[in-house]
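Undergrad: I need the structure of the sequence given here:
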Amino acid sequence: MKKTILLFVLLILTAGFVYSQSLEQIREEANPTGYYIDNSDYAKLWEQVVRAKNSGNIELYNSLSARINSEFPEKFKSENAGFNSPLQGVSSDNRPPFNNYSPDWGAGDIKISAGSISTGTPGNPRSNFRTIRLQTDSTGVLFAGFMNGTRDTLNFFRSTNNGANWTRITFYYLSGGFKFHSFDMFVTDSLSTSRIGCAASVTPSNASYAGDLYWISFKADGTGGRSAIIKSKVDGKGYVGPAIVSDGYTYPASTTYWYVAYQQIDTTTGVTNLALLNMSTNWGYSWVVDTARGTYNDYELDVEYSHFPGVDTIYVNLTNNLTAANENMRLRYVGLSGIGTATTWKQFNTGASSDPEYCGILAANRQTNEMGVSYTKSTASVENIYYAYVLNGISPWVTDVALTSASVNENLSALHCSEGQGAFRIAYHVSGGSYDTIVYKSTFSLGSGFSGHQVVNVTNSSASGIKPDVAGFRTGASSFAGGVMFAGSTSNLWFDASNLTPTDIKHENTIAENYELRQNFPNPFNPVTTIRFSLPKNEFVSIRVYDITGREAAVLVNSQLNAGSHTVSFDAKNLSSGIYFYKMISGNYSEIRKMMLIK
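TA: Take a look at the predicted model:
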């Protein structure tokens, strides 16, 4: 009896000890203690390099860079020597582009590519859903990257006409049965060049976690491709789930850096033991390695950077499941001068409510440093999209903001703020039984909330296991549109976008009660159509026709008219088939409509 009582007491003490340790771990994970600044010789010299980069003193920067590479060669690692890569690149392709519609919410979806798209790849505790990516450069050229259904090919497409047509510019394929596990891409517009950079994890099989991490880079037309190993698997550790960004918007090509965040995982269990950040100062030829966080199973990493006068900061958002029933998100950040040193990363808890939060995506406004994180939050097993934001890139953060008031199983959000545009755009997936939709919203400031509720995929159901992607792109000298890419429920990659208004023509909703510009009839037409309009008073009226690029195609009315209803005929016999816009201006009234010429 005494032995039984003693055993019972020991069990209680042991359980209490384990439980207290767990609580201590939870507190330390959420609120890490201790902060260390590295004052080693390397850290001091690296800080000088960063200051020279920030100041724009190229001569000093080059001198200090040469010195740090000479004195600390072990910091700048390249693992390509003797590495046998299964990755092969092709920089030309004759596949014809699809041309179904012009981008216009509700008018149909544009097919970027036919065939199956890779669904979620292995992850612990959740699959990796980011298998398609949409990016744009500052001129409005769109780029699409995706893994095919068999995961042996990474395809890259480009559109130079606002998404109306897409052409495959290059692709990378794997030999020997290897598979792509995950990838990310970013288009950098340095002050003197534009180039696409990618990070891709390659595994020996579909179910494997034993990932080698690759760098892939090519020019905007798909030529000049180069691939290299960033980090190769070793001793039961694989590298997966990369996210990539560069600071090329701020710096010239000679001082542009690339940053890749990724997971170091156990190749047997898929559990993360390190969240890593690699930085390349020379366009992928060598990499400096840093640890964003260790100890915990961190996954769903995303990376961003901000630029303040005198300091650049790198951010890594991640999810962890230390408390299995309540996943939380953390934002880790460090100044650029701390990368590769022993300086401690700081932390802010972007998701720390009593409900699980996961699938976070970072976006930053390069002009104002406003930053946001969109994510999925599960309440009573119902998923909805939330976001957190900071208006100045520093503090205070506002957290736990619901995107909508609906409770409709929203998930898999994508958040984007294109460089130089100043607008945040979000796209997300909504489960709906037999038909899943993608919804688009936008805002100029996260503090003002998102407006609109545009269903993107009117004709094609979306895949439930593939995160959509969104990007804002230039359509004219001072006009922009939002584009969304998504995978179909059975196959195909689709794109759609805002109603594309011509260059410098803006749709104004200041419609007076008795002003009216009616839809042309017939529409579509060939080659003649009629336009009716009304005026409440005698006034000067202008009605002009523009093509989709914003060029003026015809002047239909440009004179003083009496009040009442009017009709004008438009003969397009000398124009080619396509989308055209006609705009009426009269006093403070302005309206624009779209018509289609089919010959």
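Undergrad: hey, let's count contacts and neighbours off CA atoms from now on
TA: OK.
Undergrad: now the helices for the stretch 101-250 of the chain?
TA: In the stretch 101-250 of the chain, no helices are defined using DSSP state H, counting those that start in this stretch.
Undergrad: burial measure for Tyr358, as a count.
TA: 27 (other C-alpha atoms under 10 Å).
Undergrad: adjust the sequence numbering to begin at 517 for everything that follows.
TA: All set: I'll call the first residue 517, so the last point we hit is now Tyr874.
Undergrad: my read: it touches Arg846, true?
TA: No. Assessed by C-alpha atoms under 8 Å, Tyr874 is found out of contact with Arg846, at 10.0 Å.
Undergrad: which helix or strand contains Leu561?
TA: Here Leu561, judged by DSSP states H and E, is contained in helix 557-571.
Undergrad: helices or strands up against that helix?
TA: Applying 3 or more C-alpha pairs under 8 Å, 6 or more residues apart in numbering; DSSP states H and E, one finds that helix 557-571 contacts helix 574-587.
Undergrad: residues contacting the helix it packs on, please?
TA: Tyr558, Leu561, Trp562, Gln564, Val565, Ala568, Lys569, Lys591, Phe592 (C-alpha atoms under 8 Å, 6 or more residues apart in numbering).
Undergrad: can you do 6 Å?
TA: Val565, Ala568, Lys569 (C-alpha atoms under 6 Å, 6 or more residues apart in numbering).
Undergrad: what does stretch 779-796 give?
TA: 640, 725-726, 752-756, 773-778, 802-814.
Undergrad: rerun that using 7 Å as the cut-off
TA: For stretch 779-796, contacts defined as C-alpha atoms under 7 Å, 6 or more residues apart in numbering pick out 639-640, 725-726, 752-757, 773-778, 802-815.
Undergrad: if we can go back for a sec, quick check: buried residues in the helix holding Leu561?
TA: Buried residues in helix 557-571, counted by 16 or more other C-alpha atoms under 10 Å: Tyr558, Ala559, Leu561, Trp562, Glu563, Gln564, Val565, Val566, Arg567, Ala568, Lys569, Asn570.
Undergrad: for the last one, list the residues it contacts.
TA: This points to Asn570. Gly826.
Undergrad: quickly find the element holding the closest residue in space to Asn1074 that isn't next to it in sequence.
TA: Closest residue to Asn1074 apart from its sequence neighbours, by C-alpha to C-alpha, 6 or more residues apart in numbering: Ser1058 at 4.5 Å. Per DSSP H and E: Ser1058 is located in strand 1055-1063.
Undergrad: before we move on, back to that, now tabulate the contacts of helix 574-587 in a markdown table and tack on pLDDT.
TA: A markdown table is the format used below for the contacts of helix 574-587 (pLDDT from 0 to 100):
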| residue | pLDDT |
| --- | --- |
| Val565 | 97 |
| Ala568 | 95 |
| Lys569 | 94 |
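Undergrad: domains for this protein, by residue range?
TA: 592-1013, 1032-1113 (automatic domain parsing).
Undergrad: turn those into TSV, including mean pLDDT and distance to Ala582.
TA: Compiled in TSV, these are given as follows (pLDDT from 0 to 100; distance: least, C-alpha to C-alpha, whole Å):
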stretch	mean pLDDT	distance to Ala582
domain 592-1013	90	12
domain 1032-1113	87	47
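Undergrad: so what secondary structure elements neighbour whichever strand or helix holds Phe1011?
TA: Counting by DSSP H and E, the element that carries Phe1011 is strand 1009-1013. Packing contacts for strand 1009-1013, counted by 3 or more C-alpha pairs under 7 Å, 6 or more residues apart in numbering; DSSP states H and E, involve strand 626-629, strand 996-1003.
Undergrad: mind listing the strands for the stretch 767-916 of the chain?
TA: 774-782, 788-796, 804-810, 814-824, 827-836, 844-851, 862-867, 873-880, 887-895, 898-906, 914-918 (DSSP state E, counting those that start in this stretch).
Undergrad: could the ones you listed be laid out in CSV, adding distance to Pro1043?
TA: What follows is the strands of the stretch 767-916 of the chain, written out as CSV (distance: least, C-alpha to C-alpha, whole Å):
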stretch, distance to Pro1043
strand 774-782, 52
strand 788-796, 56
strand 804-810, 62
strand 814-824, 50
strand 827-836, 55
strand 844-851, 58
strand 862-867, 57
strand 873-880, 46
strand 887-895, 47
strand 898-906, 47
strand 914-918, 49
